[in-house]
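K.L.:
My questions are about this predicted structure, shown below with the sequence.
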Amino acid sequence: MLQQTTVAAVASYYREFLRRWPTVKKLAAAPLDDVLAAWAGLGYYARARNLHKAAKVVAGEFGGKFPDTAEELRKLPGIGAYTSGAIAAIAFDRQEAAIDANADRVLARLYAIEEPVAKAKPRLQALGRALVPEKRAGDFAQALMDLGATLCTPKRPACLSCPWIEGCQACKRGIQERLPMKGQERVRPMKRGAAFVARDATGAVLLVKRPEKGLLGAMMQPPLGPWTEKFPSTKEALLQAPFRADWKKRVGVVRHGFTHFELEIEVYVAQLKMRPAFEGRWVNDLSIAPLPTIMRKILDHGTNKLPKQSPVEPSRATVTSIETPDGR
């Protein structure tokens, strides 16, 4: 949960998650929809899907016992070099490095590496592994990450308080604030589309499930049209609607940011007397549905739970947050 999410945001989720699934076997037996619903709001939903898959592997192939080496850990779904190193070092005291973004920054400055982090990653990992002591590898891993988080910060690093100041090559050369080097920033394209929020006579909202793989996989959403460069016209949007109804376009646009693109959605709503013949799930209590943040924004907009509008743009209701393309 702490990958790409703050401790403050995670704490309540973590406690509730462990209350519901205190063992890996219980998590493995849980329906994926329940796990995704418990994760909703944390973002980066591939983490939840991979955690559930990994629990099944550990409970089945490993008899409920976690592998204790970085090599074996990397065989589990969703576990890469950083996560396997962190688990092996912190949980099992293996002599492994856990190189996160904070550790990358510390190492890039310590050795004055003047090439973009993405390109220098293999070198940084090798340098990090060479520093790991034979004992208390977990303490070293956490100390290195904490050093980057508290002293060797992205801006205005507290070099005079750093225990590695004497050996820091970047500090000696006075280039610590421009390291690590970043690659060229990518311009995120804008995608636009329409969403369709239908409610029946009881107030239930129609939701459909996304494909298991890909963006926000296995999560729930209202029916959506395709995402393209331009908004569909009203006529085009009505052709994209899941069924014929008295669809009305809401004033305002819902905005959301993913790692590789920006998204703007116009919301169409329909109040139905009878449920149409359409495959989906009608949900009265949206709070328990596995809905990612963007879909909750759309539903809030479509069910009159609008955020306060800006006095500068009274016709646009906007909210922005960030997620990765696969919903991690």
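P.N.:
That came in fine, so what should we check first? Numbering: from 1, shown residues only.

K.L.:
What ranges does the chain have for its strands?
P.N.:
190-199, 205-209, 220-221, 248-249, 254-258, 262-271, 281-283, 322-323 (DSSP state E).

K.L.:
need these in a markdown table with mean neighbour count and mean pLDDT, can you?
P.N.:
The C-beta positions use only the backbone N, C-alpha and C, and glycine is treated the same way. Shown next, in a markdown table, are these (neighbours: other C-beta atoms under 10 Å; pLDDT from 0 to 100):
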| stretch | mean neighbour count | mean pLDDT |
| --- | --- | --- |
| strand 190-199 | 20 | 97 |
| strand 205-209 | 19 | 96 |
| strand 220-221 | 22 | 95 |
| strand 248-249 | 13 | 95 |
| strand 254-258 | 20 | 92 |
| strand 262-271 | 20 | 96 |
| strand 281-283 | 15 | 95 |
| strand 322-323 | 18 | 34 |
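
K.L.:
export the ones you listed to CSV and tack on distance to Asp300?
P.N.:
Shown next, in CSV, are these (distance: least, C-beta to C-beta, whole Å):
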stretch, distance to Asp300
strand 190-199, 10
strand 205-209, 11
strand 220-221, 13
strand 248-249, 16
strand 254-258, 8
strand 262-271, 10
strand 281-283, 14
strand 322-323, 17
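
K.L.:
Quick one, which of these gets closest to Gln125.
P.N.:
Shortest separation from Gln125 across these is recorded for strand 322-323, at 25.6 Å, computed as C-beta to C-beta.

K.L.:
Could you chop the protein up by domain?
P.N.:
Split into domains by automatic domain parsing, the chain comes to 7-178, 190-323.

K.L.:
any chance of those domains in a markdown table, plus distance to Met1?
P.N.:
Formatted as a markdown table, the domains of the chain follow (distance: least, C-beta to C-beta, whole Å):
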| stretch | distance to Met1 |
| --- | --- |
| domain 7-178 | 5 |
| domain 190-323 | 15 |
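
K.L.:
Helices along the stretch 101-250 of the chain, start to end?
P.N.:
101-110, 117-131, 137-150, 169-173, 234-240 (DSSP state H, counting those that start in this stretch).

K.L.:
Please work out which of those helices is packed deepest.
P.N.:
helix 101-110 (a mean of 23; mean count of other C-beta atoms under 10 Å).

K.L.:
Mean confidence (pLDDT) on it, please.
P.N.:
Over the span of helix 101-110, the pLDDT mean works out to 96.

K.L.:
list the contacts for Ala289?
P.N.:
By C-beta atoms under 8 Å, 6 or more residues apart in numbering, Ala289 lies in contact with 37, 40, 207, 220, 283.

K.L.:
Redo these as JSON lines? Include distance to Gly302.
P.N.:
Listed next are the contacts of Ala289 as JSON lines, based on distance: C-beta to C-beta, whole Å:
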{"residue": "Ala37", "distance to Gly302": "20"}
{"residue": "Ala40", "distance to Gly302": "18"}
{"residue": "Leu207", "distance to Gly302": "12"}
{"residue": "Met220", "distance to Gly302": "14"}
{"residue": "Val283", "distance to Gly302": "13"}
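
K.L.:
And these, which is closest to Ala59?
P.N.:
When the contacts of Ala289 are ranked by distance to Ala59 (C-beta to C-beta), Ala37 comes first, at 20.6 Å.

K.L.:
wait, the closest one sits on Ser287?
P.N.:
No: at 9.1 Å, Ala37 and Ser287 do not qualify as touching, with contact defined as C-beta atoms under 8 Å.

K.L.:
Which of those two has more residues huddled nearby?
P.N.:
More crowded of Ala37 and Ser287, by other C-beta atoms under 10 Å: Ala37, with 18 against 9.

K.L.:
Excluding residues flanking it in the chain, which one is nearest the more buried one?
P.N.:
Distance criterion C-beta to C-beta, 6 or more residues apart in numbering; nearest residue to Ala37, sequence neighbours excluded, is Pro290 at 4.0 Å.
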